[in-house]
Every structure is written in C-alpha cells, then in structure tokens.
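**Student:** the following comprises the amino acid sequence and a computationally predicted model.
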Amino acid sequence: MPELPEVEVTRLGIAPAMIGRTLEAVVLGKPLRWPLGCDPHTLAGSLVTDVHRRGKYLLITLRERGVLALHLGMSGSMRVLPVATPRGPHDHVDLVFAEHVVRLHDPRRFGALVHADSASDPRLTKLLGRLGAEPLSPAFTPETLQAGFRGRSVSVKQALLAGDVVVGVGNIYASEALFLARIHPATRAGRIAPQRLARLHAAIVQVLADAVRLGGSSLRDFVASDGSHGHFQLSARVYGRAGLPCTVCATPIRHIVQGQRSTYYCPRCQR
C-alpha cells in the first residue's frame with residue numbers, strides 16, 4: 001500500500017503538471033471505493049491552484065470549485081502522460097489538461113477521488129478529521145508522541161500504525177524507525193520513557209525523509225509519476241530481512257505478526 005513517502009513523491013511529481021493549469025475534463029472509468037460526489041462535467045474549466053497532501057490524501061484545490069481528495073488505495077499510482085495515451089483496463093481516473101493527462105492507475109480499485117465543496121465540507125472532514133500530526137512538519141514533536149501515547153496499552157508498533165497520533169508511519173517505516181530508536185516493537189506505547197520517545201521522534205522524521213528522497217518503496221505496484229520505481233526498500237535495515245544479520249550487531253533479524261501485519265526487528269538492539 002502506498003504510504004506517506006509514496007504519496008509525497010507522487011505529489012512532488014504531479015503538482016508541477018497541475019498547478020496553474022485548467023482542467024479540460026475529468027474522465028472516470030470503473031467505480032472506485034467511493035463515488036466522486038458530483039457530475040464530473042461540472043469540473044471542466046476549473047483552475048488548479050494547489051496540490052498538497054494531508055496524511056495519505058492528495059488534496060487538489062480548484063478555484064471556486066472546491067477540492068478533489070485523491071487516495072491511492074492499496075495499489076494506486078499517478079502518471080503524467082501525453083493526452084493521446086490509450087487507457088488500460090486498470091486506469092480509472094483521467095484529469096485532462098491541454099498538454100497532458102494525470103492518470104490514476106489502480107489494479108485493485110481501492111483508491112478514490114472525492115469532490116468536496118470546501119475544506120469544511122463534511123465529506124472532507126470525515127476523511128481528514130481524525131488524522132494525527134504530519135511527521136515532516138513542525139507540528140510533530142517529541143511531546144506529540146508523549147501526549148498521544150500516554151495511557152495506551154497497545155504496542156508501540158500498533159500505536160504508530162493507527163495514524164491518530166502521527167500520520168503516514170506505515171508498516172515498513174514503523175519497523176525501520178523502531179530499529180533506529182532501539183525500541184522493541186511489542187513495547188507498550190504508554191510505558192516508553194520521554195528520552196526514548198525523543199529518539200523515536202527523530203527516527204520517524206529521518207526514516208520518512210530518507211524514503212521521500214529515495215522515491216518511496218516499490219514492493220509491488222507503486223511507481224512515481226514518471227514511471228520510476230522507489231528504492232527505499234533496498235536500504236531497509238530490518239524490514240523484509242528475517243534471518244539475515246543485523247547491520248549493527250549481526251544478530252539474525254526476527255519476524256513477528258502484530259495486528260495481521262509483519263514486523264521485523266533485532267532482538268539484541270531493540271529492547
């Protein structure tokens with residue numbers, strides 16, 4: 001599933017192709033997870049004024065026409081293509097501009113494009129209202145983790161994945177950040193001392209920033225807007241390395257399942 005780094009890489013790729021340009025048309029294919037919420041023909045002629053990200057949602061601001069919230073789902077990716085590029089069976093949304101088309105390719109159709117009349121539209125607040133702090137923004141601090149984890153008995157790995165304290169720390173990145181912070185993934189979130197939470201905060205920021213710089217992780221379907229693959233998975237220290245030696249102490253990396261998600265950790269470095 002595309003996580004925050006992959007969505008940010010997508011935003012960086014499509015924003016220059018959209019901001020300041022006028023939508024010629026919005027063309028929909030097979031139904032996605034949620035309906036668009038308006039007649040796509042009413043969006044023709046809209047000027048795109050901004051493309052930003054909130055968690056794993058891309059928010060496309062249209063002058064006097066509201067906001068389009070785009071989610072990549074489990075297997076989605078966005079491409080910037082020539083207008084005449086033929087649509088394939090897994091191409092479900094075309095945002096058509098004069099010079100090119102920005103296309104959602106989604107084999108599993110868990111992605112979505114939702115129109116909202118404004119930032120305060122209930123359709124948008126329902127999607128974004130419970131999201132935690134943005135980890136690559138000044139709003140995310142060690143105190144954010146301390147306040148959000150206080151009293152929680154779930155494991156720190158599950159608390160990170162929940163997304164209500166900090167958004168976008170997906171499965172790969174949670175395992176990697178916990179390794180850098182030297183925290184066992186099964187540790188109860190509410191029992192981690194402030195000094196260790198400060199280490200975890202720094203590790204989360206480092207891991208996500210590195211992932212964006214490396215184009216995200218391409219484990220299955222994800223590609224950037226130019227068709228290139230991400231390379232973060234090639235530098236993973238624990239994720240996907242069960243049985244291989246730890247890069248720090250050479251102890252074999254272990255694999256466990258938490259909340260039906262794979263977790264990788266070093267039993268010696270992470271306690």
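**Tutor:** Okay, I see it.

**Student:** how about the strands in the chain?
**Tutor:** 25-28, 48-54, 57-62, 66-71, 77-82, 91-96, 100-105, 112-116, 254-258, 261-265 (DSSP state E).

**Student:** and D210, how close does it get to Q195?
**Tutor:** Here the criterion is C-beta to C-beta, to the nearest Å. By it, D210 lies 23 Å from Q195. Any C-beta I mention is one placed from the backbone N, CA and C, and that applies to glycine too.

**Student:** same question for L4.
**Tutor:** Computed with C-beta to C-beta, the distance linking L4 and Q195 is 26 Å.

**Student:** among the strands of the chain, which is nearest T247?
**Tutor:** Proximity to T247 (C-beta to C-beta) singles out strand 261-265 among the strands of the chain, at 12.1 Å.

**Student:** what lines up beside the closest one in the sheet?
**Tutor:** strand 254-258 (antiparallel) (DSSP bridges).

**Student:** buried residues, the partner strand. List them.
**Tutor:** By 16 or more other C-beta atoms under 10 Å, the buried positions in strand 254-258 come out as 254-255, 258.

**Student:** around the nearest residue to A119 once chain neighbours are set aside, how many other residues sit close by?
**Tutor:** Excluding the flanking residues, the one nearest A119 by C-beta to C-beta, 6 or more residues apart in numbering is V67, at 6.4 Å. Neighbour count for V67, taken as other C-beta atoms under 10 Å: 21.

**Student:** so who does V67 touch?
**Tutor:** Residues near V67 by C-beta atoms under 8 Å, 6 or more residues apart in numbering: 59-61, 115-116, 118-119, 121, 124.

**Student:** and the residues you listed as TSV, adding neighbour count and distance to T141?
**Tutor:** Listed next are the contacts of V67 as TSV, based on neighbours: other C-beta atoms under 10 Å; distance: C-beta to C-beta, whole Å:
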residue	neighbour count	distance to T141
L59	19	24
I60	25	29
T61	18	28
H115	23	34
A116	21	29
S118	8	30
A119	12	24
D121	17	30
L124	22	26
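
**Student:** save these as TSV, and put in distance to G227 and pLDDT too.
**Tutor:** Output for the contacts of V67, formatted as TSV (distance: C-beta to C-beta, whole Å; pLDDT from 0 to 100):
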residue	distance to G227	pLDDT
L59	24	98
I60	21	98
T61	26	97
H115	28	97
A116	30	97
S118	34	92
A119	32	87
D121	33	94
L124	30	94
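
**Student:** show me which of the residues you listed is closest to A174.
**Tutor:** L59 (24.2 Å).

**Student:** make CSV out of the strands of the chain and add distance to L200.
**Tutor:** Shown next, in CSV, are the strands of the chain (distance: least, C-beta to C-beta, whole Å):
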stretch, distance to L200
strand 25-28, 41
strand 48-54, 22
strand 57-62, 25
strand 66-71, 27
strand 77-82, 30
strand 91-96, 37
strand 100-105, 34
strand 112-116, 31
strand 254-258, 16
strand 261-265, 13
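
**Student:** to G129, which of these lies closest?
**Tutor:** strand 48-54 (10.4 Å).

**Student:** what does the longest helix along the chain rub up against?
**Tutor:** The residue-count maximum for a helix in the chain (DSSP state H) belongs to helix 194-213. For helix 194-213, the external contacting residues (C-beta under 8 Å, 6+ apart) are 4-5, 8-9, 12, 135-136, 140-142, 144-146, 149, 156, 160, 166, 168-169, 173, 176-183, 192, 217, 230, 232, 235.
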